[in-house]
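Student: The following comprises the amino acid sequence and a computationally predicted model.
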Amino acid sequence: MHTELETAVLLNQAPQTKLFNSKQPLQDKLVYTRSVKQVIKEKLEAMSTQKWELDQENAFFVGDLGEVYRQHLRWKSLLPRIEPFFAVKSNPDPMVVKLLASLGIGFDCASKSEIQQVLSVGVEPSRIIYANPCKQASFIRFAAQHNVARMTFDNAEELFKIKKLYPDAELILRILTDDSKSLCQLGLKFGAPLDTINNLLQTAKDLNLNVVGVSFHVGSGCLDENAFADAVVRARWAFDQGEALGFKFNILDIGGGFPSGNVTEGITFEKIAAIVGPAIDAMFPSNIRVIAEPGRYYVASAFTVCTHVIGRRTVTNEENETQYMYYVNDGMYGSFNCILFDHQQVQPKVLSRDGNLMFDEMKEDERTFTSSIWGPTCDSIDCLSKEAKLPALDNGDWIYWENMGAYTICAASKFNGFKQSEVIYTNTFE
């Protein structure tokens, strides 16, 4: 009996079911209880019967809420002491937020809008951390009005601002870590160097502000699990400095940087958990609350985007070999902005050819061609894959892309007038 999930998702109601929260149901969102492939298949079949419907060939996502829940169970199993606070910025999809809120986890918010979204689904202010070290004044006032007390800082100017606007806030000092092994080095923008910590804490004490703990972030897309252990050591040092000044720290926030569910080689979540869990237990007593800010960990592997081939161009290289340029109806300015902003390498797979579903299954002797894949805009930067080996495709065929749930649709624009891709939901958890 998976009672925890059943408080969030009504199971075994074919063909569709509703995700809900006991305080505030989402009545307008439906969730299938079928495999991702089956949902995609039925979507394409529906298109074939609605041939002349406007925009019916638009790109679309399938979001698997069951995969989000599996990631939650995995976290609880491997890092039972550490409370996850989902990083909303990674994917503020309303159904994802609704599910995670129903599961009782916390939320890492970076703006007024994110705080509003989380509060609107019934999350208590105590389950929110305003984890942006440099905050707009009106946003701090909003946090104060809604009792969102826990927030981060890394500089003296921020302390003076908070003293004026929210003197009762519960402050968490964000320290600088070694993020040189991460794809996105957040230390370029945030984090107090260790040699500034004493002065910062003394300033907070002089202002009679309540500093309750320490946070860090090893960078997004961390490629070295040892970076977490090193950061924990730095945090312990910062704790000691605070306690020497009379602060009673009670919380450690280890940030994000955790790999997603599709990462099975190299730096896996299991490897990180095996290092960071024991490191925390060795250096922080059980009365210290430990939280984290996973984002991509929860959502990256849960979303698949399907794109329609809207154009093909045949070219030849210097060796007179045939190559193809394919144009699809989602791109760099839409759901694939993760290529530019998040350093992701996306993998195209053939979904259908000539109306026949393939799901990347080809004959052993199938001929492939060197191909490039481009988004729909008129900008040449809009390239999704510069060199992929694909069979010959044509207008009307489909390409799908897995592991597209993190930092994708959340940053999509409507550049050149193209719509953002819709999301169809399913729940594959059994």
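Tutor: Done, it's in.

Student: The stretch 251-400 of the chain: strands as residue ranges?
Tutor: 251-253, 289-292, 303-316, 322-328, 349-353, 356-357, 369-374, 383-390, 398-401 (DSSP state E, counting those that start in this stretch).

Student: Which one, of those strands, ends up nearest to residue 409?
Tutor: Closest to residue 409 of these, according to C-beta to C-beta: strand 303-316, at 7.8 Å. Using the backbone N, CA and C atoms, a C-beta is placed for each residue, glycine as well.

Student: Check which helices and strands that closest one is in contact with.
Tutor: helix 36-49, strand 60-64, strand 322-328, strand 398-401 (3 or more C-beta pairs under 8 Å, 6 or more residues apart in numbering; DSSP states H and E).

Student: Including distance to residue 95 and mean pLDDT, could those go into TSV?
Tutor: Below are the helices and strands packed on strand 303-316 laid out as TSV (distance: least, C-beta to C-beta, whole Å; pLDDT from 0 to 100):
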stretch	distance to residue 95	mean pLDDT
helix 36-49	14	90
strand 60-64	7	97
strand 322-328	25	96
strand 398-401	20	98
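
Student: export those to TSV and tack on mean neighbour count and distance to residue 125?
Tutor: Formatted as TSV, the entries for the helices and strands packed on strand 303-316 read as follows, by neighbours: other C-beta atoms under 10 Å; distance: least, C-beta to C-beta, whole Å:
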stretch	mean neighbour count	distance to residue 125
helix 36-49	15	35
strand 60-64	24	27
strand 322-328	19	43
strand 398-401	24	37
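
Student: can you redo those as CSV with distance to residue 100?
Tutor: Converted to CSV, the helices and strands packed on strand 303-316 look like this (distance: least, C-beta to C-beta, whole Å):
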stretch, distance to residue 100
helix 36-49, 20
strand 60-64, 13
strand 322-328, 31
strand 398-401, 24
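
Student: Tell me which of the ones you listed lies nearest to residue 361.
Tutor: Among the helices and strands packed on strand 303-316, the nearest to residue 361 by C-beta to C-beta is helix 36-49 (11.0 Å).

Student: Identify the residues contacting the closest one?
Tutor: By C-beta atoms under 8 Å, 6 or more residues apart in numbering, the residues outside helix 36-49 that reach it are 32, 34, 53, 56-57, 60, 62, 64, 304, 306, 351-352, 355, 357, 359, 398, 400, 424, 426, 428.

Student: Just the buried ones out of the residues you listed, please.
Tutor: 32, 34, 57, 60, 62, 64, 304, 306, 351-352, 398, 400, 424, 426, 428 (16 or more other C-beta atoms under 10 Å).

Student: so which of the helices and strands packed on strand 303-316 comes closest to residue 205?
Tutor: strand 60-64 (46.4 Å).

Student: avg pLDDT for whichever helix or strand comes after the closest one?
Tutor: Downstream of strand 60-64, the first helix or strand assigned by DSSP states H and E is helix 65-78. Helix 65-78 carries an average pLDDT of 97.

Student: out of the buried ones among the contacts of helix 36-49, who's nearest residue 249?
Tutor: Nearest to residue 249 among the buried ones among the contacts of helix 36-49 is residue 64, at 38.8 Å by C-beta to C-beta.

Student: excluding its backbone neighbours, what's nearest that closest one?
Tutor: Nearest non-adjacent residue to residue 64, counting by C-beta to C-beta, 6 or more residues apart in numbering: residue 302, 4.8 Å away.

Student: my read: the one you found touches residue 63, true?
Tutor: Yes. With contacts counted by C-beta atoms under 8 Å, residue 302 reaches residue 63, the gap being 6.0 Å.

Student: Find the residues that touch each one of those two.
Tutor: Counting by C-beta under 8 Å, 6+ apart, the contacts common to residue 302 and residue 63 are 96, 405.

Student: nearest to residue 344, of the helices and strands packed on strand 303-316?
Tutor: strand 398-401 (10.2 Å).

Student: got the CA positions of that closest one in CSV?
Tutor: Output of strand 398-401 as CSV, limited to C-alpha atoms (Å, rounded to 0.1, in the frame of the first residue of the first chain):
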residue,chain,number,x,y,z
TRP,A,398,8.3,12.9,-35.1
ILE,A,399,11.4,13.0,-32.9
TYR,A,400,11.3,12.6,-29.1
TRP,A,401,13.7,13.7,-26.4
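
Student: Need the contact partners of it.
Tutor: With C-beta under 8 Å, 6+ apart as the criterion, strand 398-401 contacts 40, 44, 304-309, 326, 328, 346-352, 359-360, 373, 393.

Student: List the pairing partners of it within its sheet, with orientation.
Tutor: strand 303-316 (antiparallel), strand 349-353 (antiparallel) (DSSP bridges).
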